[in-house]
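Colleague: Whatever this is, show me its structure:
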Amino acid sequence: MSRSLRKTTASVSVTYSHRNFSNNLTGTEFELELSEKDICLSINLWGNLSVRNKSANCHSDACELAEDHALLKSVQIDYSQVMEGLLNAHQKAPNACWKIKLLLGKQGTFEYPVKPEMANGSVFLNVC
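Modeller: Below is the predicted model of the structure:
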């Protein structure tokens with residue numbers, strides 16, 4: 001079952017294993033795919049690459065994500081509607097494996113197994 005958690009924009013922060021981070025990304029189309037075995041959150045980040053101003057922070061951060069995707073450590077989301085949807089999914093399938101899928105258009109789609117963690121009003125999806 002696929003369900004939209006948010007169609008308009010929300011801030012997304014990422015950290016990498018080499019200690020770099022980005023808090024300039026904007027995600028759209030937060031969608032949740034739920035089964036008894038898997039919970040997958042997909043986030044469309046393509047808009048960061050399609051901005052007119054190619055020197056914008058969001059563009060360079062999206063390019064960095066596409067380039068350093070193998071070093072991704074965690075994704076942080078602060079938007080309450082998305083967090084509520086993830087909590088509901090966890091209650092429906094408490095033993096499911098978690099995944100996150102980041103959609104970067106022509107730059108690629110990157111999928112990671114993650115472990116969710118709630119802290120300080122945010123959800124952190126830590127790459128396993």
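Colleague: for this protein, what helix or strand is lowest in average pLDDT?
Modeller: strand 2-6 (a mean of 74; mean pLDDT, DSSP states H and E).
Colleague: Report the distance from the following helix or strand past that one to the chain centre.
Modeller: Using DSSP states H and E, the helix or strand that follows strand 2-6 in sequence is strand 10-16. Relative to its chain's centre, strand 10-16 lies at 7 Å (Cα atoms, centre = their mean, to the nearest Å).
Colleague: Provide the contact partners of strand 10-16 at residue level.
Modeller: Applying Cβ atoms under 8 Å, 6 or more residues apart in numbering, the contact partners of strand 10-16 are 21-23, 25-28, 30, 43, 45, 61, 65, 68, 71-79, 82. C-beta here means a position set from N, CA and C on the backbone, and glycine is covered the same way.
Colleague: quick one: which of those sit in helices?
Modeller: 61, 65, 82 (DSSP state H).
Colleague: now those residues as a markdown table including pLDDT and neighbour count?
Modeller: Compiled in a markdown table, the ones in helices among the contacts of strand 10-16 are given as follows (pLDDT from 0 to 100; neighbours: other Cβ atoms under 10 Å):
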| residue | pLDDT | neighbour count |
| --- | --- | --- |
| Asp61 | 95 | 23 |
| Leu65 | 95 | 25 |
| Val82 | 85 | 20 |
